[in-house]
Every structure is written in structure tokens, then in C-alpha cells.
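>>> No letters, just coordinates:
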């Protein structure tokens, strides 16, 4: 199961999501999208939280409000991180996540540590966490099928572009 949350309206129409457990996180890692940004409390156990950006949007385009929503949600869903102040939340594009066979379920590393960003969360802001929790929806998506559908659509688009290129040549 995956939990879905709506970000604050003033930042745009963004969905924030997280797996219900470490096994669901494995599927989120495996079937992510290039537009997904992954969040986790640094050096502590926590939920894996993602936000899917719009096509063409990069990690540098995340607004302060959207970043705060994601960081507060990941802090609130960390047993250790929720109990202490001044925690660091790391975030990086999904495609920078590295998974090897020797890693435990739910554990990840990074291909390029220079692509990892950090934001400090001084304290839990209940108004933000409560607002997000009011939008929480639980679903059982077929993550593999969603990813395959996007891949097929991208292949079809490239095929059309190539046909058009051949016709105009």
C-alpha cells in the first residue's frame, strides 16, 4: 500500500507519497519515475517520502513550501526523528538512488553523493503534518504497470518524432 498526500495548494498540484513499510519502499525504489524526488531523515530510520515533480522540472525548482511539506512529513514518520529537534532530511532525485543485492530491504545508497541535498528541520510543525494527514489517501497501486505504461508512452512518442524527422528529411 502507498499513502498519498496533497501538498499545500499555493505550491501547485503536487502529490507526496510514501510506502507503508520497507517492502513497499522496495517497489517505490524499483519503479520510480525520473521526476520523483526521494526524502529521508538522515542517519535515522524513517519513511521514504517522494514528491513527483512536473516533466522538465528539476530538484532546484522545488519551492520552499513544497520542500517544507515533504521534510515535515518524513520527520513525522520517523520514530527517532519525530522525537528530537534539529534533524537533517536528505533528498535526491530518484534516479540517484542506488540499490545493491547486499543491502537490507528498504536500504539505499547513492550513485553520486554530490546530488544529495540536505534541509534542516528544527522542529515538527503540527499544523503542516495535520493538514497533510487530512489529505491522506491509501491505495494499492500496481507500480510496475504504471512504470511500464509511462515507458510505452515515451517509446511511442520517440517513434512519432523519428517518423516526423524522416518525413521532413
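Now that the structure is in, tell me what you want to look at. A quick note: this is a predicted structure, and the numbers were derived from the prediction, not measured. Residues are numbered from 1 along each chain as shown.
>>> make it CA atoms for all contacts and neighbour counts henceforth
Fine.
>>> Quick check: closest non-adjacent residue to the most centrally placed residue in the chain.
If you average the C-alpha coordinates of the chain and look for the closest C-alpha using C-alpha atoms, centre = their mean, you land on residue 50, 1.7 Å from that point. In this structure, residue 50 finds its nearest non-sequential neighbour in residue 38, 4.6 Å apart by C-alpha to C-alpha, 6 or more residues apart in numbering.
>>> ditto for residue 32
residue 94 (6.4 Å).
>>> so residue 3 is in which element?
Using DSSP states H and E, residue 3 maps to strand 2-6.
>>> Next: residue 129.
When elements are assigned from DSSP H and E, residue 129 belongs to helix 126-134.
>>> Scan this structure for its longest helix.
For the chain, the longest helix by residue count, based on DSSP state H, is helix 143-168.
>>> ok so, going back, how about the secondary structure of the residue nearest to the centre of the chain?
Taken by DSSP: H, G, I helix; E, B strand; the rest coil, the conformation at residue 50 corresponds to strand.
>>> That one reaches residue 37, doesn't it?
Yes: distance between residue 50 and residue 37: 5.4 Å, which falls inside the contact criterion (C-alpha atoms under 8 Å).
>>> okay, and the common contacts of those two?
Between them, residue 50 and residue 37 have no joint contacts when contacts are counted by C-alpha atoms under 8 Å, 6 or more residues apart in numbering.
>>> what angle sits between the helix or strand following the strand holding residue 3 and strand 2-6?
The helix or strand immediately downstream of strand 2-6 is strand 15-19, counting by DSSP H and E. On the basis of axes from the mean of the first three to the mean of the last three C-alpha atoms, to 10 degrees, strand 15-19 is oriented at 160 degrees to strand 2-6.
>>> contact partners of strand 15-19?
With C-alpha under 8 Å, 6+ apart as the test, strand 15-19 has contacts from 1-7, 25, 28, 47-52, 70.
>>> Can you pick out the most distant pair from these?
7 and 25 (20.3 Å; C-alpha to C-alpha).
>>> Any idea which helix or strand in the chain has the lowest mean pLDDT?
The helix or strand of the chain with the lowest confidence, counting by mean pLDDT, DSSP states H and E, is helix 143-168 at a mean of 86.
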